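Q: Here is my input; please provide its structure:
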Amino acid sequence: MVALAANPASSACQLDGQQRQELALAALGGESISEMSREHDVSRKFIYQQKDRATQALQDAFAPSDDDEKVQFYLPVTKTWLRGMVLGLLLTCRGSFRGVRELLDDHFGCSFSVGTIHNIVTAAVEQARAINQAQDLSAIRYGAPDEIFQGGKPVLVGVDLQSTYCYLLRAAEHRDADTWALSLMELQEQGLELQQTEADGGNGIRAGQRMVWPDVPCDFDHFHALQETEKLATYLENRAYRLMGELEKLEHRMARAQKKGMGRKFSSLLGQARLDEAAAIALSDEVACLLKWLREDILPPRGPDYATRLVLLDWVAAELLAREPLCVHRIAPVRKLLANHRQELLEYIERLDKHLSELSQEFDVSLDSVRALWNLECLDCGSCQYGREAASLRCRLGGKFYGLQQAIVDLRAVTFRSSSWVENTNSRLRTYFFLRRQIGPEYLELLQFYLNHHRYARSAVSSRVGKSPCELLTGERHSHWLSLLGYSPFASASNN
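A: This next block holds a predicted model:
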């Protein structure tokens, strides 16, 4: 019996995936099927099959997606999970009690009464209070106290300027010195011992602090002072634009009247309007220039010594006084603020001068060199000016440059002139004040806990991103804020 020889593999079988793809693309491009069949020694049917596969792939790629109806994951929805979601909706989403109740009913088919939601929050308040009171505050050295009002009642607030930890958040009947002193004394039991504070002109805050820490300086906050100067500059600018608009309208009326031979009756009005406009523009420009010097050259950390700044500040106040008759109701309050608080506004510079003098003696270099290095570190390290000044100072200081530079960096980390962080906290608190109607004053305990243990999703200070104020204060990682209250955050339980 003679064995038959095996048939050699066909040309189609020998084509790899890339070659089949090229055949399909050529067919889609309109090339002759017959010619491709002869050239590659394959059947026309085979080429049509590749073309059909490519066509189907294109249709699938551009077909409307059905992912909207695809199940993404499954949730193990338990009563504990729902209670944690109630807190998330209230604190993260700032939802109302009735809004949370409606969402649970619409999306989960779960009916929670307003009373049940109240009970969930009340239980969380007790846990939050215990965590707040157990926190060691001994690491806080630089505080920013302030007051915010809700329903006509004061709320006392205190924030650590380094970690942004809110160490005080309490409703009070009064905001006098005794109330502040008692609140601070209670915090002393948790280890709070401040070295410096930044506050506005509130007498109760300052007097209360002196009762508890007589030797701790309370600097006058630059945030409110600069805010008042910005309001003045904006008002004068808007006033100038308003007079420019009135003059333009009057000129149009004058032009129409001249066509009728009646332009003379507007001449005196037009002349006075032009004088008023010129005076308003000059006043706006001059005051804006004065306040820019104040904001960029006198009050910021970068600049000359305390004595020079004090002279410059007095000069700005004198220049404002000379222009006060032109807009007394707006210029006078700002001028008085600068004149009455001249030393408080620059108190941190006086203290800074002492630190720079100590560094001058420690490193045995001139005070001018130390101040120049301080001013250098106040610049953006990526700027051309920083590079030029740094190169000059390295040549001047030699081997002492890097050690002195590190000392300056450490000093900058504990030099503050504004309580803007407590103002930021106050602005966040306002969006939660609706909770007081449902819970009562105790809601502040829960808010304090949430603000301190909720991690920053973004921050101008990169080192704070992904960390909570409590983690920044202690340097230790803690669990998710929901876990601290006894509820587990989201964990996928997908079924594949």
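
Q: Name the SS class of the closest residue in space to Ala273 that isn't next to it in sequence, please.
A: In this structure, Ala273 finds its nearest non-sequential neighbour in Leu247, 4.6 Å apart by C-beta to C-beta, 6 or more residues apart in numbering. In short, each C-beta sits where N, CA and C put it, glycine included. Under DSSP: H, G, I helix; E, B strand; the rest coil, the three-state class of Leu247 is helix.

Q: Could you do the one 3 residues further on as well?
A: For Leu250, the reduced secondary structure class is helix; criterion used: three-state DSSP.

Q: Now do it against Cys327, distance only.
A: Distance, Leu250 to Cys327, by C-beta to C-beta, to the nearest Å: 21 Å.

Q: and if you look at Glu173?
A: Plainly put, Glu173 is 40 Å away from Cys327 if you go by C-beta to C-beta.

Q: Just want to know which of the two has more residues nearby.
A: Set Glu173 next to Cys327 and count neighbours by other C-beta atoms under 10 Å: Cys327 wins out with 18 against 8.

Q: How about the contacts made by the more buried one?
A: Shown in contact with Cys327 (C-beta atoms under 8 Å, 6 or more residues apart in numbering): Leu236, Arg239, Leu283.

Q: Which element, helix or strand, includes Glu147?
A: Using DSSP states H and E, the element containing Glu147 is strand 142-150.

Q: Please work out how many residues are found near the closest residue to Thr229 other than its chain neighbours.
A: Distances taken as C-beta to C-beta, 6+ apart put Leu291 closest to Thr229, at 4.6 Å, once the chain neighbours are dropped. Counted with other C-beta under 10 Å, residues neighbouring Leu291 total 21.

Q: pLDDT score for Leu291?
A: Among the per-residue scores, Leu291 holds a pLDDT of 95.

Q: Hmm, it is touching Lys231, no?
A: No. At 10.4 Å, Leu291 does not count as touching Lys231 under the criterion of C-beta atoms under 8 Å.

Q: In stretch 41-50, which residues are buried?
A: Neighbour-count burial for stretch 41-50 flags Val42, Phe46, Ile47, Gln49, Gln50 (criterion: 16 or more other C-beta atoms under 10 Å).

Q: Check the residues you listed against Arg351 and report the nearest one.
A: Gln50 (81.5 Å; C-beta to C-beta).

Q: which element is the closest one on?
A: Gln50 belongs to helix 44-62 when elements are defined using DSSP H and E.

Q: which element follows that helix toward the C-terminus?
A: Sequence-wise, the next helix or strand downstream of helix 44-62 (DSSP H and E) is helix 79-91.

Q: which residues are in contact with that following helix?
A: With contacts defined as C-beta under 8 Å, 6+ apart, helix 79-91 is touched by 75, 95, 97, 99-100, 103-104, 108, 110, 112, 117, 120-121, 124, 432, 435, 446-447, 450, 454, 482, 485-489.

Q: Buried by neighbour count, from the residues you listed: which ones?
A: Neighbour-count burial (16+ other C-beta under 10 Å) applied to these gives 95, 97, 100, 103-104, 112, 117, 120-121, 124, 432, 435, 446-447, 450, 454, 482, 485, 487.

Q: Leaving out chain neighbours, which residue sits closest to Asn203?
A: Nearest residue to Asn203 in three dimensions, chain neighbours excluded: Ala177, at 7.5 Å (C-beta to C-beta, 6+ apart).

Q: Could you double-check that that neighbour lies in contact with Gly204?
A: Yes. When contacts are counted by C-beta under 8 Å, Ala177 is listed as touching Gly204 (5.3 Å).

Q: who's more crowded, these two?
A: Gly204 (21 against 18).

Q: Is the more buried one in a helix, a strand, or coil?
A: helix.

Q: Could you double-check that it sits in contact with Leu182?
A: No. Using C-beta under 8 Å, Gly204 is not in contact with Leu182, being 11.7 Å away.

Q: count of neighbours near Val390?
A: Rather than Val, residue 390 is Ala. 17.

Q: could you pull out the strands for the chain?
A: 142-150, 153-160, 166-171, 196-199, 218-220 (DSSP state E).

Q: how about CSV for the ones you listed, with mean neighbour count added?
A: As requested, the strands of the chain are exported to CSV (neighbours: other C-beta atoms under 10 Å):
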stretch, mean neighbour count
strand 142-150, 21
strand 153-160, 23
strand 166-171, 21
strand 196-199, 23
strand 218-220, 22
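
Q: In TSV, list these along with mean pLDDT.
A: Output for the strands of the chain, formatted as TSV (pLDDT from 0 to 100):
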stretch	mean pLDDT
strand 142-150	89
strand 153-160	91
strand 166-171	92
strand 196-199	91
strand 218-220	89
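
Q: Ok, which of those comes nearest Ala278?
A: Nearest of the strands of the chain to Ala278, taken as C-beta to C-beta: strand 218-220 at 36.4 Å.

Q: neighbouring contacts of that closest one?
A: Under the criterion C-beta under 8 Å, 6+ apart, residues 196-201, 205-206, 209-210, 341, 344-345, 347-348, 416-417 lie in contact with strand 218-220.

Q: how does it look with 7 Å?
A: Residues external to strand 218-220 that are found in contact with it (C-beta atoms under 7 Å, 6 or more residues apart in numbering): Thr197, Glu198, Ala199, Gly201, Arg206, Gln209, His341, Glu344, Leu345, Glu347, Tyr348, Arg417.

Q: Give me the buried subset of those.
A: With burial judged by 16+ other C-beta under 10 Å, the buried subset of the contacts of strand 218-220 is Thr197, Glu198, Ala199, Arg206, Gln209, His341, Glu344, Leu345, Glu347, Tyr348, Arg417.

Q: Same list (the residues you listed) but as JSON lines, adding distance to Cys378.
A: What follows is these, written out as JSON lines (distance: C-beta to C-beta, whole Å):
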{"residue": "Thr197", "distance to Cys378": "22"}
{"residue": "Glu198", "distance to Cys378": "18"}
{"residue": "Ala199", "distance to Cys378": "24"}
{"residue": "Arg206", "distance to Cys378": "28"}
{"residue": "Gln209", "distance to Cys378": "28"}
{"residue": "His341", "distance to Cys378": "23"}
{"residue": "Glu344", "distance to Cys378": "21"}
{"residue": "Leu345", "distance to Cys378": "18"}
{"residue": "Glu347", "distance to Cys378": "18"}
{"residue": "Tyr348", "distance to Cys378": "13"}
{"residue": "Arg417", "distance to Cys378": "12"}
